[in-house]
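Q: What shape does this take:
(one chain, ligands or ions: 1)
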Amino acid sequence: MSSARPTVPVISSTAVFKEDIFKNKVLFCTGGGSGICKVMTEAVMRHGAQATIVGRNAERLEQAAKELSAATGRTCLAAPADVRQPKALHAAVQKTIDAFGRIDFVICGAAGNFLAPISGLSENAFRTVIEIDALGTYNTIKATLPHVRATRGAYVHVSATLHWRATPWQAHVSAAKAAVDATSAVLAVEEGPHGVRSNVLAPGPIGNTEGMRRLSPATKGGAADVWPTPLGRMGDAQDVANAAVWLFSDAANMVSGQRFAVDGASEHVRGIALPYPQSVLDPASMKDLFKGKL
Ligand code: COA
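A: I've put the predicted structure just below:
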């Protein structure tokens, strides 16, 4: 039997949606300086939006903003801020309003992750991820909401699928992403009457991202055969970006309070990626994966 099987192509959202659907719109994206969120920002900009990207590394952010502006012909602003610091986020929002006058779309994407069992996770390590993912999402909502209400705009939160079932060595991220999902649902219900929508995108394994490099260092995060999906290939950041374009578009104007996996149905067939139970019986033997202290 041949091992080749059909797979789905990675396509650009501009092959499906009109290029000007986000003309005069403004995106505010945390975590937009790299990885999936940078690709999401580019996709929204390719449909006409201007954008602000937020991240901790000012130099990387500036460079990313330049690249995004050059690639799309729209303006991308870099607003360095740590999502754990509400004041810095408020300043980033003000910078956006000063430059563009409005915020229509928000991507809450800043996140932190590493592999560690509960027994090897310090209290500070657990809190750090909760602060970046869960509090960072709340802080971003809090800072942007008056502006998103004013435009009757929409939120997309970048979550995960790993907390849909128990995933060993991911207690910190599971707790944080569960909080993100819950916050988005309440936001949808509270702000729906104000015309605001909120949805969650849950990327499955996405190749060549910082997240996958951290979760799958042995394969440098890019080996599709280690992460098979029913649709025959590993996810691409563009797949998540396309879903975000749909969710921000008027085609989704009755879609709110939901979470969507972008994973080629892999969650339904996912096993435990770590050697199990070896990884929990003897974490010290997993030196390539576990960098913390036991
Ligand atoms: N295993 C166990 N504990 C770890 C760890 C690991 N691999 N990496 C960090 N920690 C612990 C630290 O030891 C520290 O705890 P301690 O004070 O008890 O020693 C705590 O986590 C905070 O680490 P620190 O480096 O001070 O935090 P930071 O705010 O500078 O960085 C992280 C945040 C840890 C999430 C870092 O990995 C990061 O910046 N990630 C962003 C990029 C990313 O993760 N992308 C993937 C998204 S899916």
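Q: I36 is in contact with I206, isn't it?
A: Yes - assessed by C-beta atoms under 8 Å, I36 is found in contact with I206 at 6.1 Å. (C-beta placed from N, C-alpha, C; glycine too.)
Q: Of those two, which one has the most company?
A: More neighbours surround I36 than the other of I36 and I206, with 28 against 23 (other C-beta atoms under 10 Å).
Q: mind listing what that one touches?
A: Applying C-beta atoms under 8 Å, 6 or more residues apart in numbering, we find I36 in contact with G109, V158, P203, I206, T209, G211, A237, V240, A241.
Q: Looking at those residues, which is nearest the ligand?
A: G211 (3.2 Å; C-beta to the nearest ligand atom).
Q: element containing the closest one, please.
A: Using DSSP states H and E, G211 maps to helix 210-215.
Q: Next, the buried residues of that helix.
A: E210, G211, M212, L215 (16 or more other C-beta atoms under 10 Å).
Q: Pick out the residue of the stretch 51-200 of the chain closest to the ligand.
A: For the stretch 51-200 of the chain, C-beta to the nearest ligand atom, closest residue to the ligand: G112, 2.6 Å.
Q: SS state for the residue nearest to that residue when sequence neighbours are not counted?
A: Leaving aside its sequence neighbours, G112 sits nearest to I132 (C-beta to C-beta, 6 or more residues apart in numbering; 4.3 Å). With DSSP: H, G, I helix; E, B strand; the rest coil as the basis, I132 sits in helix.
Q: How about the residues of the chain by the ligand?
A: Proximity of the chain to the ligand, by C-beta under 6 Å from any ligand atom, involves residues 111-114, 116, 120-122, 124-125, 128-129, 132, 210-211, 214, 291-292.
Q: Would you mind checking these for buried ones?
A: So, by 16+ other C-beta under 10 Å, the buried ones in these are 111-114, 116, 120-121, 125, 128-129, 132, 210-211.
Q: Please list the members of those residues that lie in helices.
A: Using DSSP state H, A125, T128, V129, E210, G211 are the members of those that sit in helices.
Q: Let me know the pLDDT of the second one.
A: Looking back up the chat, that one is T128. Turning to T128, the model gives it a pLDDT of 98.
Q: give the contact list for it.
A: Neighbour list for T128: G112, H172 [criterion: C-beta under 8 Å, 6+ apart].
Q: Also the one 4 residues further on?
A: Taking C-beta under 8 Å, 6+ apart as the criterion, I132 is in contact with V83, R84, A110, A111, G112, A176.
Q: hmm, 10 Å instead?
A: When contacts are counted by C-beta atoms under 10 Å, 6 or more residues apart in numbering, I132 is found next to 30-31, 56, 82-84, 110-113, 172-173, 176.
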